[in-house]
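K.L.:
model this:
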Amino acid sequence: MANLVTAQQAAAAESARPVDNAHQAPPQAQSGLYMFLTDCKEEFDAPPVPALRTLHLEACRVVDETMQHIASFVQLTDLNLSETDITDEGFLFAQTLTNLVKLNLNGCMLTDASMAVLGCFPNLRTLRLDCPALSDLTMPHVGRLKKLVELDMFEVRISDWSLMHLTNLPDLASLELCGGRISDAGLMTIGTLTTLTRLNVAQNSSITDAGVRHLGRLAKLKHLNLSGTRVTPNGFAFVQALPEVVSLSVFGCEHIQSARTSDLPEVPDRVTVGLNSRAEVDERAEADQEFPTLASREADVDMTSAL
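P.N.:
Residues are numbered from 1 along each chain as shown. Predicted coordinates:
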């Protein structure tokens, strides 16, 4: 029987991990200068540094006018602007950064109107676009990034039909489409992305067993997150046929929560299955009555656990 991991155990394991590389020099930064700032309250105004390759400004005071300054760092390969205040107007200045390989725009106030700028980054391999105002109109621009390996569009409200643009990405290995409007029809398209090794479609409540079966064609898949979907114990039985899978997350799946562990289908011993135990479900039900807001937040954490 596979290893079973509860939500609490998963959270503990996550907290025990080493400090994330967001505050360390990534491998590509070794060949050039890098700068890491977090939650800086003063507006970023560093002098132009031609050799600067990596610039991380997560949650710093970066506004549209600041972007005009950042655009002068034309040798940048790694840029993190997550949780900053740039808008479409400011992002337009990024067109000069044609050497970018990694770009993080999570939490920015961007819309579809500026996404054509992505076409200026032909070498982009990692793109993080957790921007709730984006929609299906962004997908054609993403589909033109032929070297893309990792795509994170957490909480972007894209529809099944727009996933066809992902079939133009021959090297896509990691895909995160949480909390959107993906259904079984969308999984049919995702099932053709045979280069995937990591897939997170958590919190898409229209996904059922019928859609999950399409993922059986992903022979290279190692990590799969189906948390918060309508998958039942029968829905992940297909894992037995996937030779590389080592982790399967089904936190917050109502039909699996209500099942006894003995009723879950067996999967290979190499696979760690993350799920909510019956005791956790009962405890959460009690917490809902006394502290509904707190319980709701805890449930969200369970369903968005990293793959």
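K.L.:
Could you check the pLDDT of the residue lying farthest from the centre of the chain?
P.N.:
In the chain, P47 marks the outermost C-alpha relative to the chain mean, sitting 32.9 Å out by Cα atoms, centre = their mean. You'll see P47 listed with a pLDDT of 70.
K.L.:
So it versus T98, what's the distance?
P.N.:
21 Å (Cβ to Cβ, to the nearest Å). In this view, the C-beta of every residue, glycine as well, is placed from N, C-alpha and C.
K.L.:
One more: V62?
P.N.:
Taken as Cβ to Cβ, the span from V62 to T98 is 20 Å.
K.L.:
Those two: which is more packed in?
P.N.:
V62 (24 against 14; other Cβ atoms under 10 Å).
K.L.:
Which residues are in contact with the more buried one?
P.N.:
By Cβ atoms under 8 Å, 6 or more residues apart in numbering, the contact set of V62 is E43, F44, I70, L81, T84, D85, I86.
K.L.:
Please repeat the previous calculation with a cut-off of 10 Å.
P.N.:
37, 40, 43-44, 69-70, 81-86, 90, 108 (Cβ atoms under 10 Å, 6 or more residues apart in numbering).
K.L.:
Kindly report the same for L193.
P.N.:
Residues in contact with L193 (Cβ under 10 Å, 6+ apart) are 163, 166-167, 169-170, 172-173, 175, 199, 215, 217-218, 220-221.
K.L.:
taking the residues you listed one by one, which sit in strands?
P.N.:
Of the contacts of L193, the ones assigned to strands by DSSP state E are L175, L199.
K.L.:
Now for the residue farthest from the centre of the chain: which residues touch it?
P.N.:
Residues in contact with P47 (Cβ under 10 Å, 6+ apart) are H69, S72.
K.L.:
How about the one 10 residues further on?
P.N.:
For L57, the contacting residues are 35-40, 44, 46, 66, 70, 79-84, 86, 104, taking Cβ under 10 Å, 6+ apart as the criterion.
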